[in-house]
Structure formats: structure tokens, C-alpha cells
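J.: No sequence on hand, only this structure:
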């Protein structure tokens, strides 16, 4: 069905009206609308693929840092996995050179939401969405929920960003526990 309509797009249309110019203009209008719709749909699809590529690149680099963070492993256990993609959010700005992303993480002892801001290294190309991009994560924090059997649930904010600091170990500590939630 689709192939038949697609090939008829390029063929001339036969009209039963005696006025040949009205049939030609109507046929041209339908072809123009079809062309515009196909072009817009293709543009939206390419944009979605580019956003997916950005999300996968940033989240995989973030997950590498999270899996190497002792504080995150202590808080939610190991293995730490990325949560479902449909719970993630992505904001891209500055001609796709900077990104703000958040996505859920899941461990055996708890869950959390990872928030990050990153910038892209490299240059633009015509088919950049097909290439894996290199991202530098500037800021990355995790809001971690750890349930407890004997007391209230704990909510921790953990800074996971790699910062060169003169005192060792201070960049990988929880900032401060928030007020415990009562269940």
C-alpha cells in the first residue's frame, strides 16, 4: 500500500475534469504537501536520534563515574544500574555543546536520581548524530533514597563530580543528609 502511494507521488495524476490546469495545480499542491510532511518528519526523526545519542553518551560516562564512587556504592550497593530511559530528562543548549541531564539509578540497597551538567569536546559535522561524542562532566550530584527497616528512610545528596582537591577524599563525601522522611 505504501509503495503504491509512494510511486504514485512521482507519476502524473489523471483527472476526469476537462480543465487540465486545475488538475495540474491540485496535483502539484498534493505533492508539495506530501514533500513538506516527509521532510518535517525526517527532521524530527533526526533530531530525536541526535538527542538519544547525546543522552547515551552523557549517561554512560556518568555511570562510569558512579560505579567508581565509593560513597555511591556504600549508599545504594553494587551493582548500580541505570533506571528506565523514560524517567530521564535532557536539556540541550548552546548549539548542542552543553547539556543538562537527569536520570534514575538503582542499586540493591536503594534508588537515586543523578543530575549532571556536561559540555561537549570536538567539533560539529554534518552527520554528528552518528558519532559517539566526548563529554566532560562539570557537575554531577545524586539524590539517593535509602530505605531503613529500623528507622525512617534516609535521603542523601552526594557530590559525584571529580574535583582536584588538595585534601584527599573530600570530593567524594555526602554533602549532608536531608531530613529523614517518615513512612
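T.: Ah, there it is. These numbers come from a predicted model, not from an experiment.
J.: distance of residue 71 from residue 35?
T.: Separation of residue 71 from residue 35 (C-beta to C-beta, to the nearest Å) stands at 55 Å. Heads up, the C-betas are built off the backbone N, CA and C, glycines and all.
J.: Please disregard the earlier target; I meant residue 62.
T.: The value you get for residue 62 to residue 35, if C-beta to C-beta is used, is 41 Å.
J.: quick one: which of the two has more around it?
T.: Per other C-beta atoms under 10 Å, whichever of residue 62 and residue 35 has more neighbours is residue 62, with 24 against 11.
J.: So residue 151, which state does it fall into?
T.: What DSSP: H, G, I helix; E, B strand; the rest coil gives for residue 151 is coil.
J.: got it, and residue 33?
T.: Under the three-state scheme (three-state DSSP), residue 33 adopts helix.
J.: and it, how many residues sit next to it?
T.: 10.
J.: Residue 142 too?
T.: Neighbours of residue 142 (other C-beta under 10 Å): 25.
J.: Give me the average confidence score over stretch 80-96.
T.: When pLDDT is averaged along stretch 80-96, the result is 86.
J.: If you count neighbours, what's buried in that stretch?
T.: Across stretch 80-96, burial judged by 16 or more other C-beta atoms under 10 Å covers 80, 82-83, 88, 90, 92, 96.
J.: Repeat that for stretch 69-80.
T.: 69, 71-73, 75-76, 80.
J.: need the contact list for residue 146.
T.: Applying C-beta atoms under 8 Å, 6 or more residues apart in numbering, we find residue 146 in contact with 75-76, 109-110, 153-156.
J.: Next, format these as CSV and append secondary structure, pLDDT and distance to residue 48.
T.: Shown next, in CSV, are these (DSSP: H, G, I helix; E, B strand; the rest coil; pLDDT from 0 to 100; distance: C-beta to C-beta, whole Å):
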residue, secondary structure, pLDDT, distance to residue 48
75, helix, 89, 34
76, helix, 90, 31
109, coil, 90, 35
110, strand, 89, 32
153, strand, 80, 37
154, strand, 83, 38
155, strand, 87, 34
156, strand, 86, 34
